[in-house]
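Chemist: Give me coordinates for this.
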Amino acid sequence: MLQKTSWGGIDRIGTAPVTTGRDTRLDVFRALCLLTIFINHVPGQYLEYLTHKNIGFSDSAEAFVLISGLSVDVAYGGRFVAGARLALTLKVWRRALTLYVAHIMTSVVTLAIFAGGALYFGRQDLIGEINIRPIVDQAEQGIVAMVLLGHQLGYNNILSMYAVLFLMLPGMLWLNAVSPRLLFGLSATLWLAAGCFKLVPYNFLDEGYWFLNPWSWQFLFVIGIIAMTHVRRGGSLPRSWWLIAPSAAYLLISAAWVLFSWWNIDFSFGLPAVLTGFDKTFLSLTRLLHVLALAYLLAITPLVSRLTRLDANHPLVMIGRNSLPVFIFGTILAMAGQVLLFVTGKNPVIGSLFVVAGVGLHFVYAYYLDWLKEVAVAKPLRAA
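Modeler: Next comes the predicted model:
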């Protein structure tokens with residue numbers, strides 16, 4: 001029979017699911033998201049205009065969270081069974097703690113980079129960038145607020161949201177084991193309520209709130225979990241023109257909307273903004289549908305599947321396999337790039353050269369991380 005490829009190291013041939021080891025396609029797409037996030041986090045240079053945020057409602061943040069949902073179900077979904085749930089819950093929460101520590105670390109390093117730039121280049125106006133000023137003006141409260149996630153710096157707000165999702169993950173996995181439909185319904189209800197009633201963690205250093213609302217973004221994360229559960233249980237994505245045509249049409253309309261700046265068109269009809277707006281904080285339906293349509297078309301296209309099924313030692317796979325340290329590295333590098341652009345008068349050529357070099361350094365760093373793992377494995381073998 002014709003082979004229908006799916007995600008998570010599972011291919012469905014006929015009706016029998018066959019495991020095939022680690023699926024590098026998720027790693028490749030995760031790597032592409034990480035590189036795109038880095039490029040977009042150095043605004044004002046030419047490569048920024050080549051990323052897909054310029055031709056659609058969503059960007060790499062949505063893609064990254066969806067892929068994360070797929071990945072966590074691969075890692076934990078099949079193991080979250082009676083007798084192992086407590087141990088797995090503690091493991092997941094330890095990962096949440098790791099993400100929290102990573103968030104604090106990158107925030108502190110970001111502060112140091114901008115403060116160092118202000119001192120070295122004599123540009124005190126750097127302190128007014130990316131929401132740093134409230135921390136400097138109210139140092140005691142600012143430090144406490146940052147540690148308690150009550151104040152977030154610009155471009156340093158993904159890991160905190162992701163940490164909250166991991167705190168919620170054991171409950172998601174339990175509900176998913178009981179009934180994926182129940183999990184979907186509860187998750188969708190929370191997403192809608194968060195958007196309609198502005199349920200969002202608030203910052204207590206200023207009057208703002210989290211840029212990426214975890215009560216909204218959990219819905220995309222859950223969709224990834226449910227989709228991968230369907231695949232693990234022997235299912236596959238349907239290839240139907242009733243899905244393909246609307247998905248392709250929506251992507252084309254989205255591209256035209258962004259390219260021609262049709263933002264002044266009002267089609268709200270009095271409905272809540274979460275259903276008709278384009279807000280990233282509350283993950284408006286327009287953005288949600290865009291990333292899902294894009295993911296669906298990529299997932300059912302055999303050519304895309306073949307091109308992204310790479311060798312385990314491919315540079316893109318290395319980046320995706322080491323996603324957290326590479327993301328931290330890319331965030332710190334992007335903050336240095338923002339300071340460089342700021343002190344050079346937003347020179348797009350200098351910024352573009354920095355980003356090209358930074359992309360190259362991502363590959364070097366991923367190779368270094370894999371090399372460290374090989375050394376760690378080889379050392380005990382030599383000792384034995």
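Chemist: in the protein, which spans are strands?
Modeler: Shown for the chain, the strands assigned by DSSP state E span residues 4-5, 10-13, 16-19.
Chemist: mind checking how far stretch 236-248 is from the chain centre?
Modeler: How far stretch 236-248 lies from its chain's middle: 24 Å, per CA atoms, centre = their mean, to the nearest Å.
Chemist: for the stretch 1-150 of the chain, which spans come out with low pLDDT?
Modeler: The stretch 1-150 of the chain contains residues with pLDDT under 70 at 1-21.
Chemist: From Asp27, how far off is Asp370?
Modeler: 12 Å (CB to CB, to the nearest Å). From N, CA and C alone the C-beta is placed, and that goes for glycine too.
Chemist: Could you check which of the two is surrounded by more residues?
Modeler: Asp27 (24 against 18; other CB atoms under 10 Å).
Chemist: which neighbours do Asp370 and Asp27 share?
Modeler: Residues touching both Asp370 and Asp27 (CB atoms under 8 Å, 6 or more residues apart in numbering) are Arg321.
Chemist: What is the neighbour count of the residue nearest to Leu173 when sequence neighbours are not counted?
Modeler: Once flanking residues are discounted, Leu173 sits nearest to Phe80: 4.2 Å by CB to CB, 6 or more residues apart in numbering. A count of nearby residues for Phe80, using other CB under 10 Å, gives 19.
Chemist: right, and Phe80 touches Leu86 too?
Modeler: No: counting by CB atoms under 8 Å, Phe80 sits too far from Leu86 to count as a contact (10.5 Å).
Chemist: ok, now which ones touch Tyr365?
Modeler: Under the criterion of CB under 8 Å, 6+ apart, the neighbours of Tyr365 are 325-326, 329.
Chemist: Which of those residues are buried, as a PyMOL select command?
Modeler: Of those, the buried ones can be selected in PyMOL as follows, counting by 16 or more other CB atoms under 10 Å:
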select buried, resi 326+329
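Chemist: roughly how far apart are the residue nearest to Leu173 and Gly69?
Modeler: Phe80 is 14 Å from Gly69, by CB to CB.
Chemist: same question, Ser58
Modeler: Per CB to CB, Ser58 is found 15 Å from Gly69.
Chemist: These two: which is more packed in?
Modeler: Between Ser58 and Gly69, Ser58 has the larger neighbour count (other CB under 10 Å), namely 26 against 22.
Chemist: so what's that one up against?
Modeler: If you count contacts by CB under 8 Å, 6+ apart, Ser58 has them with 287-288, 290-291, 294.
Chemist: Closest to the centroid, which residue in the protein?
Modeler: By CA atoms, centre = their mean, the chain has its centre lying nearest to Phe64, at 2.9 Å.
Chemist: how about the nearest residue to it, chain neighbours excluded?
Modeler: Counting by CB to CB, 6+ apart, the residue nearest Phe64 is Cys33, at 4.3 Å.
Chemist: Please apply the same query to Leu341.
Modeler: Gly351 (4.7 Å).
Chemist: rewinding a little: wait, which of the contacts of Tyr365 is closest to Leu298?
Modeler: Val326 (21.5 Å; CB to CB).
Chemist: Would you confirm that the closest one contacts Leu34?
Modeler: Yes: between Val326 and Leu34 there is a contact at 5.7 Å, judged by CB under 8 Å.
Chemist: Could you pull out the residues contacting both of the two?
Modeler: Jointly contacting Val326 and Leu34 under the rule CB under 8 Å, 6+ apart are 319, 362.
Chemist: okay but Thr281 is in contact with Trp217, surely?
Modeler: No: at 9.1 Å, Thr281 and Trp217 do not qualify as touching, with contact defined as CB under 8 Å.
Chemist: Excluding chain neighbours, what is closest to Pro348?
Modeler: Nearest residue to Pro348, sequence neighbours excluded (CB to CB, 6+ apart): Gln45, at 5.0 Å.
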